[in-house]
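Participant: Structure for this input, please:
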Amino acid sequence: MPEGLVRLCLRTPSSGARSSGFSLGKDGEVGDIGSIVDAAPDVHRDSQAENKPLEARSSCQTEPGIEKQMAEQRLQKVLAAAGIDSRRNCEELIVSGVVRVNRKVVDELPAFVDPDTDVITVHGKRIAAARKVYFLLNKPKGVICTNSDPQGRTKAIDLIRTPERIFCVGRLDVETTGIILLSNDSELANKLTHPRYGLPKTYVVGVKGQITGEQIEKLKKGIWLAEGKTGRASAKILKRGRTESLIEVTIRQGLNRQVRRMLAKVGLPVKSLKRTRIGKLTSRGLGAGKFRTLTGGEIAYLQKIAAGQSARK
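Facilitator: Reported below is the predicted structural model:
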């Protein structure tokens, strides 16, 4: 572990020490690194690392037992996904002492389980693990990619007809349109959204003004943002106009509003932004607001990427 990095852990009676998903840097700055990723290689920087793009500096070593941690989920989430009750009511069931995991009563929170291997019972009856589902949605403008919204706006999950509790794999901002994956497979989602796996995402962007070759080259080489330098991107001009142009950009990261920020840095304000491809998956034949289930071949393709096989193949 690099000097200056402190792992913050939570401990439960049943699960032992667990990573809280935060790192504490040398200067006391706390950063969110998710529940499964050891960000040690990102925190330690030397003179060479400073000049590396974010894509390169985001790769990390897998710790022993990390795959098991990735499969574990909060107990109340697993119960809710199995149709027992709402997540809040499932929390009450747990603390009331009617839930057992591998024959042992679990009545304290937080508690974590692996739904694929642990035997979970409620009132003595074993629950069935939720089946894994995978969808591709063509998100319209104005739809958000969170599972709750105090403003009551339409959510991406509202457009999918399924009894399973699903979530967006990554995000598109409210103004961006195009395809996004939705699933209840948290292990696969965690890997596909990590830049280490290099899943390419392609966007068609309408920008104000006329594009120059110099601007395209800057996008390809990487742009310095607040988080650091972005990885190399693919960029090509689809339509060049005096007041408005159209370009295609492919990135392998998922920073917040990354494409918009990259283009703003090179003097190209975005008028419209649409994601057209995720790896080999495309928006072809999928109208705005429509969705479809992934084929077996498409699921296998994503699982290969999550297993470390290159998305470029």
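Participant: Before we move on, what's the pLDDT of residue 23?
Facilitator: pLDDT recorded at residue 23 is 38.
Participant: Could you do residue 242 as well?
Facilitator: Predicted confidence (pLDDT) for residue 242: 89.
Participant: in a strand, that's where it is, yeah?
Facilitator: No - counting by DSSP: H, G, I helix; E, B strand; the rest coil, residue 242 is located in no strand; its state is coil.
Participant: Identify the residues contacting it.
Facilitator: Contacts for residue 242 (CB atoms under 8 Å, 6 or more residues apart in numbering) come out as residue 210. Using the backbone N, CA and C atoms, a C-beta is placed for each residue, glycine as well.
Participant: Regarding it, what are the backbone dihedral angles?
Facilitator: Backbone geometry at residue 242, expressed as degrees, to the nearest 10, gives phi -80, psi -40.
Participant: how far away is it from residue 210?
Facilitator: With the distance defined as CB to CB, to the nearest Å, residue 242 ends up 5 Å from residue 210.
Participant: again with residue 272
Facilitator: For residue 272, the distance to residue 210 under the criterion CB to CB works out to 17 Å.
Participant: how about the helices of the stretch 151-300 of the chain, start to end?
Facilitator: 186-192, 213-221, 258-265, 296-306 (DSSP state H, counting those that start in this stretch).
Participant: Dump the C-alpha coordinates for the second one into CSV.
Facilitator: I take that to be helix 213-221. C-alpha atoms of helix 213-221 as CSV (Å, rounded to 0.1, in the frame of the first residue of the first chain):
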residue,chain,number,x,y,z
GLY,A,213,-8.0,19.8,-37.1
GLU,A,214,-6.1,21.2,-34.1
GLN,A,215,-9.1,20.8,-31.8
ILE,A,216,-9.6,17.2,-33.0
GLU,A,217,-6.0,16.4,-32.3
LYS,A,218,-6.3,17.8,-28.8
LEU,A,219,-9.3,15.6,-28.1
LYS,A,220,-7.4,12.5,-29.3
LYS,A,221,-4.3,13.2,-27.1
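Participant: Quick check: buried residues in that helix?
Facilitator: Of the residues in helix 213-221, those buried under the neighbour-count criterion (16 or more other CB atoms under 10 Å) are 215-216, 218-219.
Participant: For that helix, give me every contacting residue.
Facilitator: Contacts of helix 213-221 from elsewhere in the structure, counted by CB under 8 Å, 6+ apart, are 232-237, 247, 249, 262-263, 265-268.
Participant: of those, the lowest pLDDT goes to which?
Facilitator: Across the set of the contacts of helix 213-221, residue 232 stands lowest in pLDDT, at 88.
Participant: I figured that residue hits residue 222, correct?
Facilitator: Yes - counting by CB atoms under 8 Å, residue 222 is a contact partner of residue 232 at 5.7 Å.
Participant: Adding distance to residue 200, write the helices of the stretch 151-300 of the chain out as TSV.
Facilitator: Formatted as TSV, the entries for those read as follows, by distance: least, CB to CB, whole Å:
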stretch	distance to residue 200
helix 186-192	11
helix 213-221	14
helix 258-265	13
helix 296-306	10
